[in-house]
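[1] heads up, no residue letters with this:
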């Protein structure tokens, strides 16, 4: 049978790995704006996102400002690409935890906070883990 290959653009952002979370947020903002704008421009494209912390901070800072994709705000554009299934969430944790240096309570709290945000903000529950 023929081999079918599926490529999924994906972003994984380690908070505090080489920089502070705050300084890393600037780079993540750029990723989010390019990704959301790209999805809006190319309806057949899909993207998978993992960490809800950076998304929450970006939405708080940019959500109500107007994107370059008229006449929508970044929040409206983000909600649109989520509702069409172009933007999917993998795992849904608040951050990508370090499995080697944490305990189960911290892991569960991380997922609880991230999933709570995604449900309250966008009404979604991730269907897969990564």
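    Done, it's in. Everything quoted here is computed from the prediction, not taken from an experiment. Residues are numbered from 1 along each chain as shown.

[2] Report the next helix or strand after the helix-or-strand element of the chain with minimal mean pLDDT in sequence order.
    Across the helices and strands of the chain, the lowest-confidence element by mean pLDDT, DSSP states H and E is strand 10-11, at a mean of 64. Counting by DSSP states H and E, the element after strand 10-11 in chain order, helix or strand, is helix 21-41.

[3] chain center to stretch 109-127: distance?
    Distance, stretch centre to chain centre, for stretch 109-127: 11 Å (Cα atoms, centre = their mean, to the nearest Å).

[4] Doesn't residue 48 belong to a helix?
    No - going by DSSP: H, G, I helix; E, B strand; the rest coil, the assignment for residue 48 is strand, not a helix.

[5] list the buried ones in stretch 25-39?
    25, 28, 32, 33, 35, 36, 37, 39 (16 or more other Cβ atoms under 10 Å). All C-beta atoms are positioned from the backbone trio N, CA, C, and that covers glycine.

[6] Just give me the residue right at the centre of this protein.
    Centroid-nearest residue in the chain: residue 49, 3.7 Å away (criterion: Cα atoms, centre = their mean).

[7] how far away is it from residue 90?
    7 Å (Cβ to Cβ, to the nearest Å).

[8] got it, and residue 43?
    21 Å.

[9] Neighbour count: those two, which is higher?
    A count of neighbours by other Cβ atoms under 10 Å puts residue 90 above the other of residue 43 and residue 90, at 18 against 11.

[10] can you give me the helices in this protein?
    Along the chain, counting by DSSP state H, helices occupy 21-41, 52-62, 74-83, 104-122.

[11] by contact count, what packs against the second one?
    Using 3 or more Cβ pairs under 8 Å, 6 or more residues apart in numbering; DSSP states H and E as the contact test, the elements touching helix 52-62 are helix 21-41, helix 74-83, helix 104-122.

[12] can these go into JSON lines with extra columns for distance to residue 13?
    Below are the helices and strands packed on helix 52-62 laid out as JSON lines (distance: least, Cβ to Cβ, whole Å):
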{"stretch": "helix 21-41", "distance to residue 13": "5"}
{"stretch": "helix 74-83", "distance to residue 13": "16"}
{"stretch": "helix 104-122", "distance to residue 13": "13"}
